[in-house]
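>>> Generate coordinates for the sequence data below:
(one chain, ligands or ions: 1)
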Amino acid sequence: MTTATTTTTEAATTATSETTTAETAASTATFTADPATHRVLTGDRPTGLLHLGHYFGTLRNRVRLQNQGVEMFVVIADYQVITDRDIADRLAEHTENLVLDYLAAGLDPDHATIFAHSAVPALNQLLLPFLSLVSVAELNRNPTVKDEIAHSRQSAVNGLMFTYPVHQAADILFCKANLVPVGQDQLPHLEVARTVARRFNERYPHVDGGAVFPAPQALLSDAPLLLGTDGGKMSKSRGNAIPLGATEDETARAIRGAMTDADRRIDYDPVNRPEVSGLLLLAALCQDRAPEEIAEEIGDRGAAALKRTVTDSVNEHLRPLRTRRAELATDRGHLRQVLRDGAERANAIADATLDEVRAVMGAI
Ligand code: TRP
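Purely as a prediction, here's the structure:
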């Protein structure tokens, strides 16, 4: 059967390229990007406020790369919101709040292009040729998509759920980004982007033999997994997160309500005491010290003392960011202007890439 043959070939191709990704994915803390040869693209779904997990996981690293002089694109993936829910709730508000969190954390619109992918038509048009480069079997196998389907709040799984990783390849490839800082869960998507780039280049070479797209490389975040106040993974949708924009009182309340255990002696033991260790890790990241050291200081003064330390550490660490955030929040017009400027730059680049794509396909 034709389908069976195709599937086998595709599986072999995927296996080979997966090995490549594992080899090339660098880790963020030690990575110094060469500004002359790297273009970074990262992004978020506008579904809620960014929290400490985002901050220590990716946001800080984006700012670091930007300050190294690397050209940076940040996509607000608004169409991706409707993969696992029927409507995008309060989309404009969430989008503006993302811009607010980015700017407060130190992204600078003069050096980083911040845009919503729905505002860049040519980017979205890349989806059509890209979809022709992947098999239905490959779309079905994506482990992150499978996991999202398992947690979906929809009664029926929609078509965008299966195809959004290819759309995400368009997010990355429209600007020919070659470095994508992501968390572990995004590696399958990056693999799709690499596959799409490679197959497009093979199928549609330039007349001079050159390639249209680079193979984007993952820059794997090495921030330890931050736990939320319920001991599960900190997540926008689980109500267990501490938003960057929370007030000091809200922060204190959230941490006071966090789960711990009955042992008064505080020590760092992520395997046996995940909740206590998660809180220690949070304080440690904020103070830039080892969690064991902080545990030592608290000794046998129990969970209440631990929580006071964590609250003070978080509030102190975030104070400058929150001050900036509050200032920026008074001017929504400025946030919109940042998005308009970003979209203008992104559109110019996407138009040029789409022209190139149409030309090599012989579509003029
Ligand atoms: N899927 C990413 C997330 O849920 C968001 C995203 C959209 C993204 N497009 C991207 C990340 C391109 C990196 C590159 O967090």
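
>>> alpha carbons only for contacts and neighbour counts from here, please
Noted.

>>> Quick one: the helices in the stretch 251-364 of the chain, in order.
In the stretch 251-364 of the chain, the helices defined using DSSP state H, counting those that start in this stretch lie at 274-287, 291-298, 302-329, 332-361.

>>> Pick the most buried one from those helices.
helix 274-287 (a mean of 23; mean count of other C-alpha atoms under 10 Å).

>>> what's it packed up against?
helix 291-298, helix 302-329 (3 or more C-alpha pairs under 8 Å, 6 or more residues apart in numbering; DSSP states H and E).

>>> Which strands and helices lie in contact with the shortest one?
Other helices and strands packing on helix 291-298, by 3+ C-alpha pairs under 8 Å, 6+ apart, are helix 274-287.

>>> Return the residues of the stretch 1-150 of the chain in contact with the ligand.
Neighbours of the ligand within the stretch 1-150 of the chain, by C-alpha under 6 Å from any ligand atom: 41, 42, 43, 44, 45, 77.

>>> The fourth one is in contact with residue 76, isn't it?
Yes. In this structure residue 44 lies within contact range of residue 76 using C-alpha atoms under 8 Å: 5.4 Å.

>>> More neighbours: which of those two?
residue 76 (26 against 17; other C-alpha atoms under 10 Å).

>>> and the more buried one, what does it touch?
43, 44, 45, 46, 95, 98, 114, 115, 116, 117 (C-alpha atoms under 8 Å, 6 or more residues apart in numbering).

>>> Surely residue 122 touches residue 348?
No. Using C-alpha under 8 Å, residue 122 is not in contact with residue 348, being 9.2 Å away.

>>> Need the residues touching each of these two.
Contacts common to residue 122 and residue 348, judged by C-alpha under 8 Å, 6+ apart, are absent.

>>> ok, of the contacts of residue 76, which one's closest to residue 66?
residue 114 (12.4 Å; C-alpha to C-alpha).

>>> Flag every buried residue along stretch 34-51.
In terms of neighbour count (16 or more other C-alpha atoms under 10 Å), stretch 34-51 has its buried residues at 35, 38-51.

>>> residues making contact with the strand or helix carrying residue 96?
Secondary structure from DSSP states H and E places residue 96 in helix 91-105. Identification of contacts with helix 91-105 by C-alpha under 8 Å, 6+ apart yields 46-50, 59-60, 63, 76, 78, 109, 114, 116, 244-245, 321-322, 324-325, 328-329, 332, 335-336, 338-339.

>>> list the buried ones in it?
91, 94-105.

>>> Show me what the next helix or strand after that helix is packed against.
Once the chain leaves helix 91-105, the next helix or strand it forms, by DSSP H and E, is strand 112-116. With contacts taken as 3+ C-alpha pairs under 8 Å, 6+ apart, strand 112-116 sits against strand 71-76, helix 332-361.

>>> And those: which comes nearest residue 279?
strand 71-76 (29.7 Å).

>>> That closest one pairs with which strands, parallel or anti?
strand 39-44 (parallel), strand 112-116 (parallel) (DSSP bridges).

>>> So for the first one, mean pLDDT?
Yep, that's strand 39-44 we're talking about. Mean pLDDT, strand 39-44: 96.

>>> Would you mind writing the CA trace of it as CSV?
Written as CSV, here are the backbone C-alpha positions of strand 39-44 (Å, rounded to 0.1, in the frame of the first residue of the first chain):
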residue,chain,number,x,y,z
ARG,A,39,18.9,35.3,14.3
VAL,A,40,16.7,34.3,17.2
LEU,A,41,12.9,33.7,17.1
THR,A,42,10.9,32.7,20.1
GLY,A,43,7.3,33.2,21.1
ASP,A,44,4.3,32.7,23.4
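
>>> can you list the residues that contact it?
Contacts of strand 39-44 (C-alpha under 8 Å, 6+ apart): 70-77, 172, 176-182.

>>> Any idea which of those residues the model trusts least?
For these, the least confident entry is residue 182, with 87.

>>> residues in contact with the residue of the stretch 151-300 of the chain found nearest the ligand?
Residue nearest to the ligand within the stretch 151-300 of the chain: residue 168 (4.6 Å; C-alpha to the nearest ligand atom). With contact set as C-alpha under 8 Å, 6+ apart, residue 168 has these partners: 189, 193.

>>> give me the element it is part of.
With DSSP H and E as the test, residue 168 turns up in helix 159-173.

>>> Likewise for residue 207?
Here residue 207 is assigned to no helix or strand, by DSSP H and E.

>>> dump the residue contacts of the residue nearest to it when sequence neighbours are not counted.
Nearest residue to residue 207 in three dimensions, chain neighbours excluded: residue 360, at 7.7 Å (C-alpha to C-alpha, 6 or more residues apart in numbering). By C-alpha under 8 Å, 6+ apart, the contact set of residue 360 is 204, 205, 206, 207.

>>> out of these, who has the most neighbours?
Result: residue 204 is most packed of the contacts of residue 360 (other C-alpha under 10 Å), 18 neighbours.

>>> re the thing from before, show me which positions of the helix holding residue 168 end up buried.
Neighbour-count burial for helix 159-173 [16+ other C-alpha under 10 Å]: 160-173.

>>> next helix or strand past it?
Next along from helix 159-173, by DSSP H and E: strand 179-182.

>>> what about dumping the CA coordinates of that following strand to CSV?
Output in CSV follows, covering the C-alpha atoms of strand 179-182 (Å, rounded to 0.1, in the frame of the first residue of the first chain):
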residue,chain,number,x,y,z
LEU,A,179,18.2,29.8,16.7
VAL,A,180,15.1,29.1,18.7
PRO,A,181,15.2,29.2,22.6
VAL,A,182,12.6,26.7,23.8
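
>>> which helices and strands sit right next to that strand?
Using 3+ C-alpha pairs under 8 Å, 6+ apart, strand 179-182 sits against strand 39-44, strand 217-220.
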